[in-house]
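> Here is a sequence with its predicted model. Questions after.
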Amino acid sequence: MTIILRLLGCLAVWSALVSAAPAQNARVPSSPSEIKLSFAPAVKRVTPAVVNVYAARIIENRVPLFDDPVFRRFFGGSSGPREQVQRSLGSGVIVDASGLVVTNNHVIENADQIKVALADKREFDAVLVLKDERSDLAVLRIMDGRERFTAVDFGDSDALEVGDVVLAVGNPFGVGQTVTHGIVSAVARTQVGITDYQFFIQTDAAINPGNSGGALVDIGGRLVGINTAIFSRSGGSQGIGFAIPANMVRAVVASAKAGAASVRRPWLGAKLQPVTPEIAESLSLKRPVGALVNTISPRSPAARSGLRTGDLIIEVDGQPIDDPNAFDYRFATKPLGGEARVAVMRGGREVKIGIPLEMAPETPREETVIKVRSPLLGARVANLSPALAEELRLDYSTEGVVVTDVENGSASQSFGFQRADIVVSVNSARIATMEDLLRAISQPVRLWRLTIQRGGQEISAVFGG
């Protein structure tokens with residue numbers, strides 16, 4: 001906070017001192033350094049590491065009129081699909097000299113080609129190393145193994161305070177690299193609703209379309225967040241921007257550097273719920289804060305640590321917990337190994353619990369693509385494990401067979417099956433394992449009756465054989 005007062009408050013402090021001092025002490029500044037205030041040193045450190053990210057996706061558009069032979073006869077053209085290129089533009093940040101770039105997942109989602117343009121106008125092809133839909137982050141690698149790139153240093157996003165000065169660097173509206181400044185308007189915003197981990201830095205630094213994936217840095221030029229969203233009624237900046245904290249970014253980058261196929265995070269194995277005013281009153285709390293333990297999975301870290309249903313989590317390693325979103329963020333950014341010290345209120349007194357920091361168990365993921373003629377033809381399915389439930393954002397206690405992917409143009413896609421659909425039954429046969437499913441679809445029938453679970457709701461449908 002002292003640094004902020006020196007940079008932003010010194011003019012106000014100088015003015016106050018001059019007005020309070022006797023008139024004979026007033027003087028004209030003797031050198032330019034006494035009046036020059038600039039963020040240029042911080043900007044020079046970070047801008048070489050901020051890049052533009054160009055993503056292209058090829059989609060096929062079929063024009064129904066060309067399926068009519070009469071139309072084709074008079075107007076020409078082919079009945080086949082026509083390719084169209086969709087392009088997106090965003091920003092990214094080099095976080096490792098080997099060429100690792102962090103950006104938003106929504107910038108490069110489903111891209112067939114990715115290019116990265118440096119601040120010095122050079123362009124490189126890039127490949128996707130790891131994506132994490134849950135945090136809306138993706139890690140790319142610049143395809144040039146000979147050069148050491150300028151990388152930005154990570155800062156500690158937990159050290160940010162409301163009122164701290166921050167700079168946003170990116171490529172808004174594609175006009176070119178742009179720097180804006182503002183302050184931290186809020187920390188730990190948990191009601192934004194754009195990712196699974198609702199824990200954002202809010203800033204009034206101007207952020208606009210094209211800034212997604214760009215850097216939010218402190219006045220020392222250290223990365224404290226990745227700009228990801230704005231609140232706007234006009235499509236432009238209205239002084240409410242949101243950034244993913246750097247400590248979450250650091251965890252995703254660590255998984256990418258380790259060569260993991262997905263982000264490796266600790267697993268709690270318990271379902272939490274927010275504290276309502278009514279619950280707070282029943283627990284004799286002064287205000288409705290904390291994360292209430294609702295259910296606990298057997299043999300999970302939560303169960304083995306002694307956590308109980310009804311415990312109210314109030315701290316993780318000394319950090320206060322206001323709601324389940326805050327706990328999810330704090331726990332997810334812990335490195336694997338060791339334990340997290342969790343403070344809970346139990347029976348009116350505070351209890352400290354050590355919860356092991358370990359990944360959700362992954363039984364052998366026996367994924368297979370359905371090749372039998374059925375409504376699920378072309379769907380990739382797997383037995384649901386705790387790790388897969390975490391990946392697909394499903395309830396950890398859910399069991400059964402889940403759709404992990406759907407091939408383009410397949411029967412399963414045409415019938416409307418989606419990733420994360422859980423197959424409940426096929427022709428009245430309950431499905432608990434992959435063997436159950438394969439056995440059920442191996443029987444040739446005229447009509448298929450399937451029940452799936454999607455978003456917590458069961459959906460039943462009848463399909464022709």
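Happy to help now that I have it.

> hey, let's count contacts and neighbours off CA atoms from now on
Will do.

> shaky segments in the stretch 51-200 of the chain?
Regions of the stretch 51-200 of the chain meeting the criterion pLDDT under 70 cover residues 60-83, 145.

> Go again with 90.
Within the stretch 51-200 of the chain, the stretches with pLDDT under 90 are 57-89, 110, 133-134, 144-147, 172-176, 188-199.

> What are the boundaries of the helices in it?
In the stretch 51-200 of the chain, the helices defined using DSSP state H, counting those that start in this stretch lie at 69-75, 105-108.

> Backbone torsions only: list them for residue 419.
Dihedral pair for residue 419: phi -60, psi 140, per degrees, to the nearest 10.

> does it really touch residue 404, like I thought?
Yes. Using C-alpha atoms under 8 Å, residue 419 makes contact with residue 404 at a distance of 5.0 Å.

> of these two, who's got more company?
Legend: neighbour count by other C-alpha atoms under 10 Å for residue 419 and residue 404, higher for residue 404 (22 against 15).

> just checking, the more buried one is part of a helix?
No. Assessed with DSSP: H, G, I helix; E, B strand; the rest coil, residue 404 is strand; it does not lie in a helix.

> confidence score at it?
Listed pLDDT for residue 404 reads 92.

> mind listing what it touches?
379-382, 419-421 (C-alpha atoms under 8 Å, 6 or more residues apart in numbering).

> Please repeat the previous calculation with a cut-off of 6 Å.
If a contact means C-alpha atoms under 6 Å, 6 or more residues apart in numbering, then residue 404 has 380-381, 419-420 as its contacts.

> measure it to residue 306 for me?
33 Å (C-alpha to C-alpha, to the nearest Å).

> Likewise for residue 122?
Counting by C-alpha to C-alpha, the gap from residue 122 to residue 306 is 55 Å.

> hang on, the earlier thing: the contacts of residue 404 in strands, which ones?
380-381 (DSSP state E).

> out of the contacts of residue 404, who's nearest residue 103?
Set against residue 103, the nearest of the contacts of residue 404 by C-alpha to C-alpha is residue 419 (23.7 Å).

> ok, now which ones touch the closest one?
So residue 419 contacts 403-405 (C-alpha under 6 Å, 6+ apart).

> what do you get for residue 273?
Under the criterion of C-alpha under 6 Å, 6+ apart, the neighbours of residue 273 are 291-292.

> Pairing partners for it in the sheet, please.
Taking DSSP bridges as the rule, residue 273 bridges to residue 292.

> Would you mind measuring from the nearest residue to residue 381 once chain neighbours are set aside to residue 262?
Leaving aside its chain neighbours, residue 381 sits nearest to residue 403 (4.4 Å; criterion: C-alpha to C-alpha, 6 or more residues apart in numbering). Distance of residue 403 to residue 262, given as C-alpha to C-alpha: 18 Å.

> quick one, which of these two is more surrounded?
More neighbours surround residue 403 than the other of residue 403 and residue 262, with 23 against 15 (other C-alpha under 10 Å).

> What is the neighbour count of the nearest residue to residue 169 once chain neighbours are set aside?
Distances taken as C-alpha to C-alpha, 6+ apart put residue 179 closest to residue 169, at 4.6 Å, once the chain neighbours are dropped. Counted with other C-alpha under 10 Å, residues neighbouring residue 179 total 19.

> who are the neighbours in contact with residue 347?
Contacts of residue 347 (C-alpha under 6 Å, 6+ apart): none.

> Give me the pLDDT value at it.
The model's pLDDT for residue 347 equals 90.

> ditto for residue 226
The score at residue 226 is 96. That number is its pLDDT.

> One more: the one 5 residues further on?
The per-residue pLDDT reported for residue 231 equals 78.

> number of nearby residues for the nearest residue to it once chain neighbours are set aside?
Once flanking residues are discounted, residue 231 sits nearest to residue 240: 5.5 Å by C-alpha to C-alpha, 6+ apart. Close neighbours of residue 240, defined as other C-alpha under 10 Å, add up to 17.

> Show the contacting residues for residue 240.
Residue 240 makes contact with 204, 230-231, according to C-alpha under 6 Å, 6+ apart.

> what about it, distance to residue 453?
Applying C-alpha to C-alpha, the value for residue 240 to residue 453 is 37 Å.

> Likewise for residue 433?
Here residue 433 is placed at a distance of 15 Å from residue 453 (C-alpha to C-alpha).

> Could you measure from residue 293 over to residue 311?
5 Å.

> got it, and residue 42?
Distance, residue 42 to residue 311, using C-alpha to C-alpha: 45 Å.

> Tell me how far residue 393 lies from residue 455.
Distance from residue 393 to residue 455, by C-alpha to C-alpha: 10 Å.

> Touching, residue 271 and residue 292? I think so.
No. Counting by C-alpha atoms under 6 Å, residue 271 sits too far from residue 292 to count as a contact (8.5 Å).

> more crowded one of these two?
Legend: neighbour count by other C-alpha under 10 Å for residue 271 and residue 292, higher for residue 292 (24 against 18).

> Spit out the contact partners of that one.
Here residue 292 is in contact with 272-273, 311-312 (C-alpha under 6 Å, 6+ apart).

> try 8 Å
272-275, 310-313, 324.

> Strands along the stretch 51-200 of the chain, start to end?
Counting by DSSP state E, counting those that start in this stretch, the stretch 51-200 of the chain has strands at residues 82-96, 100-104, 113-117, 123-132, 137-142, 165-170, 178-189, 200-203.

> by contact count, what packs against the third one?
Other helices and strands packing on strand 113-117, by 3 or more C-alpha pairs under 8 Å, 6 or more residues apart in numbering; DSSP states H and E, are strand 50-61, strand 123-132.

> which other residues reach that strand?
Contacts to strand 113-117, defined as C-alpha under 8 Å, 6+ apart, come from residues 51-57, 108, 123-127, 142.

> Only whichever of those are buried, select them in ChimeraX.
Buried members of those, defined by 16 or more other C-alpha atoms under 10 Å, are picked up in ChimeraX with:
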select :51,52,53,54,55,56,57,108,123,125,126,127,142
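
> tell me the two of the contacts of strand 113-117 that are most distant?
Those two in the contacts of strand 113-117 that are separated most widely, counting by C-alpha to C-alpha, are 51 and 57, at 19.7 Å.

> Off-centre distance for stretch 99-117?
Computed by C-alpha atoms, centre = their mean, to the nearest Å, the separation of stretch 99-117 from the middle of its chain amounts to 14 Å.

> right, and the helix or strand after the host helix or strand of residue 302?
In this assignment (DSSP states H and E), residue 302 forms part of helix 301-305. In the C-terminal direction, the helix or strand that comes right after helix 301-305 (DSSP H and E) is strand 312-316.

> Show me what the helix or strand following that next one is packed up against.
As assigned by DSSP H and E, the chain's next helix or strand after strand 312-316 is strand 319-320. Using 3+ C-alpha pairs under 8 Å, 6+ apart as the contact test, no helix or strand touches strand 319-320.
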